[in-house]
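Novice: Test case, fold it:
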Amino acid sequence: MVDVDKVLDEAGLTNPHVREFVTYWAGITGADRIEVVSADDDARLLQESLDAGELLPVTGGLYYSRSYYKDTARSEERTVVATSDPADKGVYNNWKPAEETVATLTERMTGASAGKTMYVIPYLMSPPGSPLEAFAAGVELTDSRPVVQQMIRMSRVGVDYINNLAEPASFVRAVHVTGDLPNLGQGTASDQRLFATVADQRTILHYGSSYGGNALLGKIAHGLRQAMYDGWKNAFLGEQFMLLGIVDKQTGKKYHVAGGFPSASGKTNLSMTLAPDVLGDRYYVEFYGDDIAWLWHDEASGKIYAFNPEFGVFGVAKDTNEATNPGALDSIQAGSGAIFTNVAYNEKTQEVWWEGRTKHHPDDLDGWLDWKGERIADRIEDELKEPWAHPNSRFTTTLANVPNIAEDYDDPRGVPVDAIIFGGRTRDREPLIRAITDLAEGVYDGLTLGAEATFAAEGVDGQLRYDPMSNRPFMAYGEGDYARHWLDVIGQASDQPIFAHVNWFQRDPEDGHFRWPGYRDNLRALLWLVQFKNGEVKGNVTPVGVIPTQDELNLEGMTISQEDLDAILTIDVDRWKQEIGFREEHLNQFDRLPEEIWEAHRRVAAALEEA
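Specialist: Residues are numbered from 1 along each chain as shown. Next up, the predicted model:
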C-alpha cells in the first residue's frame, strides 16, 4: 500500500485538510501510486505521456490527444447538482440528494483506480490575492495524466495555493476517476457515468470520462457550477461569460464588456476579436477570457468588477481560421505548448487539421488519420464526406499565448464592468444591438436569452431554445433564486453596467445571406454601446430597448446594403409579440421568480401592444 504521508511530505504539501482528503480518496480509489504535481512538472509529464503513447507529437513542440470515441463531449443528462436541500432543485440543474449521490459515486469509484497513479493537482481558479480567492482554491485527484497536462494549462497549479489558505479547509474537493470507458454503457439504460457537483459540501465527484469538461474539474464543475452556488451564498456571480476590454487610443479611455452567449452564438470569436483594420489606429481590443467570468460589487468604487478565473483557453477548433479568429491561431503556434484534442492528425508529418481550418482538406491523404485514429485514405465511398475532426474537437493553450491578452488579465483586483451583453443566434426579430437601461429588464432579457431552433413538427418555427444568461447547462440552484441574486448583486452598484442584447446572425429571408458581416465588425456595435452609456448618442427607442440610428453606427470602411442595414436597425413588432408569448411560458416554469422580473415582462409586452 502506498505511503500517503511520505509522498505528501516529500511534495511539501502541509495543509492538514488536504492531506486528510487525499488519504481518504486514495483508500477509496485504490490507486497504486500517488504523485503531487505542479506547473513545474509539465515538461516531464509531457515526455512521459509521449513515451506512453497518451500524447502524440505535433510539429513545433505541440501535442495531440485522442479520446475514446464515445467520450468526446460533456454529457448534460449524466451531470447533476446535489445538495441536502430539495429547495435547491431547479428546472435545469438535474438536482439530486447529496447523501444518495455521494454514496453512489463512492461505490463506483471504489477500487476503480487500481494499478494507476493518483495525481494530486492543487490549483487556484483566480488571480492570487483576489477578493474571491477563498472560493477559488481546489484540489483535483485524477488517475489520468493527460488531465493533469490540461489542468496545468487551464488553472494555476502548485502546492503553495493550498498550503497558504487563510482558511485551510476552504478548498473545493474534486475527484475524477476515468473508469473502464469501453464498458460503462454510454447512452444505455445501464449507463454508469455520473458527474456530480455536491455544491453544499463543495465537493465534485466525476466518474466515467476523461474528456475536457467532464474531467478538468477546475473548469466547468468548479469555475461555473460550484462558483455559481458559492456566489449565491456569498454575494458574487459565477457566469459562463466572455470578458474583453476596448481601448480608445485617442482619448485614453478603456471599457470592459462581459457577456453570455449560448453555444454557437459567437462568444469565443467576439472575446478574441480584433478591431477592423480601418478602425485599428484608434481602437485596440484586449482579451481577458472566452468562457467564464466571476463578478462582484466593489464597495470602494460602487462598480461591478470581474475577472476570468481560468488560466487558459479550451477552444473549439472547428471553423477556427485566419478570418474567423486569427488570435486563436496565433495562440496555438509553434512553441506555445498547445494540446489539440480529437482533430485530424498526420502520423508522418505530425500536422493537425480540422474542418474550417482551410477551405478544403489536404489533398495528399498519405499519413492522415481522422479523430478516431482511422486512416482517411482507407475510407470507402460512403465515408468520404464524414468529418476528419470531431465537431467538438478542441485546443488548449494558456492565456499568455493569446497575442492581444490584456496586460492586467492577472490583476487580483479584477476590472470594472461597463456593459453586460447577451447574444443569441436568431435569423430575424433580434436587431444588431439593443441597449437596456433598466436593471430588471436587463436581467429579464438574460433569463429569456436563447438561440433559434426549428420546431417544424410542432408548428412553432423559430422558437428559441432558452438558455438563461447562457448558463442552462451549469445552473446550480433554482432559476427564480438565480434571478433574485442577479438583481441583488448588480443592484448594489451605484454605477451599474449597462445591459444590451446583440445578434450577429440576421438573415435575408429570400437568399439566406447574413445581413451583418460579423467577426471583427462586431466591435462597431460595442463602440456604439459605450457611446450610448456615456450619453454621446441617443439611439432610437423601441419597446425592447434602444437601437442605434444609422448615423450613430460607425460604418467606416464597411460594405453593407441599405436594405440589410434597415433590417438590422429595426424590430419586427409582430414577431416580437409572438416571442412574448413564448417567454411567458418559459418564465412560468420557474419557482420564486421575483416580481420585478414579471413587472419587466409586462412592461415590454404592453409597449409592444402600444407599438
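
Novice: which SS class is Gly442?
Specialist: helix (DSSP: H, G, I helix; E, B strand; the rest coil).

Novice: And for it, nearest residue in space, chain neighbours not counted?
Specialist: The shortest distance from Gly442 to any non-neighbouring residue, by CB to CB, 6 or more residues apart in numbering, is to Phe499 (2.9 Å). Where you see a C-beta, it was placed from the backbone N, CA and C, and this is true even at glycine.

Novice: The one you found against Ala440, yeah?
Specialist: No: under the criterion of CB atoms under 8 Å, Phe499 is not in contact with Ala440, lying 10.0 Å apart.

Novice: neighbour count winner among those two?
Specialist: Phe499 (25 against 22; other CB atoms under 10 Å).

Novice: tell me which element that one falls in.
Specialist: strand 498-502 (DSSP states H and E).

Novice: Could you list the paired strands of that strand along with their orientation?
Specialist: strand 419-423 (parallel), strand 433-436 (antiparallel) (DSSP bridges).

Novice: distance between that strand and the chain's centre?
Specialist: 19 Å (CA atoms, centre = their mean, to the nearest Å).

Novice: hmm, back to that, just say which of the strands paired with strand 498-502 is most tucked in.
Specialist: strand 419-423 (a mean of 26; mean count of other CB atoms under 10 Å).

Novice: Which helix or strand in the protein has the lowest average pLDDT?
Specialist: Here the helix or strand of the chain ranked lowest by mean pLDDT, DSSP states H and E is strand 450-455, holding a mean of 69.

Novice: How much space separates the residue nearest to Gly442 from Gly423?
Specialist: Separation of Phe499 from Gly423 (CB to CB, to the nearest Å): 12 Å.

Novice: Leu50 now?
Specialist: 40 Å.

Novice: Check Arg66 too.
Specialist: 33 Å.

Novice: Ok, Val7 next?
Specialist: Val7 is 47 Å from Gly423, by CB to CB.

Novice: Kindly report the same for Ser210.
Specialist: For Ser210 relative to Gly423 (CB to CB), the value is 32 Å.

Novice: likewise Ala215?
Specialist: 28 Å.

Novice: my guess is Ala275 contacts Lys249, does it?
Specialist: No: under the criterion of CB under 8 Å, Ala275 makes no contact with Lys249, lying 9.9 Å away.

Novice: Surely Met118 is in a strand?
Specialist: Yes: checked against three-state DSSP, Met118 lies within a strand.

Novice: Next, count neighbours for it.
Specialist: Count around Met118 with other CB under 10 Å applied: 25.

Novice: what do you get for Asp9?
Specialist: 12.

Novice: Phi and psi next, for it.
Specialist: phi -60, psi -50 (degrees, to the nearest 10).

Novice: can you tell me which helix or strand Ala227 belongs to?
Specialist: Going by DSSP H and E, Ala227 is in helix 227-234.

Novice: ok, Gln492 - contacts?
Specialist: By CB atoms under 8 Å, 6 or more residues apart in numbering, Gln492 lies in contact with 235, 297.

Novice: If we use 10 Å, what do you get?
Specialist: Contacts for Gln492 (CB atoms under 10 Å, 6 or more residues apart in numbering) come out as 235, 296-299, 302, 304.

Novice: With Ala483 instead?
Specialist: 440, 443-444, 446-447, 468-469, 587, 590, 592-594, 596-597.

Novice: Now with 6 Å, please.
Specialist: With contact set as CB atoms under 6 Å, 6 or more residues apart in numbering, Ala483 has these partners: 443, 447, 593-594, 597.

Novice: Please apply the same query to Leu449.
Specialist: 422, 424, 467.

Novice: just those now: which is nearest Val157?
Specialist: Closest approach to Val157 among those (CB to CB): Asp467, at 31.2 Å.

Novice: Could you check the pLDDT of the closest one?
Specialist: Note on Asp467: pLDDT of 95.

Novice: number of nearby residues for it?
Specialist: Other residues close to Asp467 by other CB under 10 Å number 24.

Novice: quick one, phi psi at it?
Specialist: Per degrees, to the nearest 10, the backbone of Asp467 is at phi -140, psi 80.

Novice: roughly how far apart are it and Gly424?
Specialist: For Asp467 relative to Gly424 (CB to CB), the value is 8 Å.

Novice: hang on, the earlier thing: so Ala275 and Lys249 - more neighbours on which side?
Specialist: Neighbour tally, Ala275 and Lys249, criterion other CB under 10 Å: the higher count belongs to Ala275, 21 against 13.

Novice: Would you confirm that that one contacts Tyr283?
Specialist: Yes: shown here, Ala275 and Tyr283 form a contact pair, counting by CB atoms under 6 Å, at 4.4 Å.

Novice: For stretch 277-289, list every residue counted as buried.
Specialist: 279, 283-289 (16 or more other CB atoms under 10 Å).

Novice: got a list of contacts for that stretch?
Specialist: 243, 245-247, 249-250, 272-275, 308, 402, 404-406, 409, 556-557.

Novice: Got a ChimeraX select line for the buried ones in these?
Specialist: The buried residues among the contacts of stretch 277-289 can be selected in ChimeraX (16+ other CB under 10 Å) with this line:
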select :243,245,246,247,272,273,274,275,308,402,404,405,406,409
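
Novice: Out of the contacts of stretch 277-289, which sit inside strands?
Specialist: Using DSSP state E, 243, 245-247 are the members of the contacts of stretch 277-289 that sit in strands.

Novice: Can you add distance to Pro387 and pLDDT and give those residues back as JSON lines?
Specialist: Compiled in JSON lines, these are given as follows (distance: CB to CB, whole Å; pLDDT from 0 to 100):
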{"residue": "Leu243", "distance to Pro387": "31", "pLDDT": "98"}
{"residue": "Gly245", "distance to Pro387": "35", "pLDDT": "98"}
{"residue": "Ile246", "distance to Pro387": "36", "pLDDT": "98"}
{"residue": "Val247", "distance to Pro387": "39", "pLDDT": "98"}
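
Novice: just the residues you listed now: which is nearest Asp364?
Specialist: The closest of these, once distances to Asp364 are taken by CB to CB, is Leu243, at 41.3 Å.
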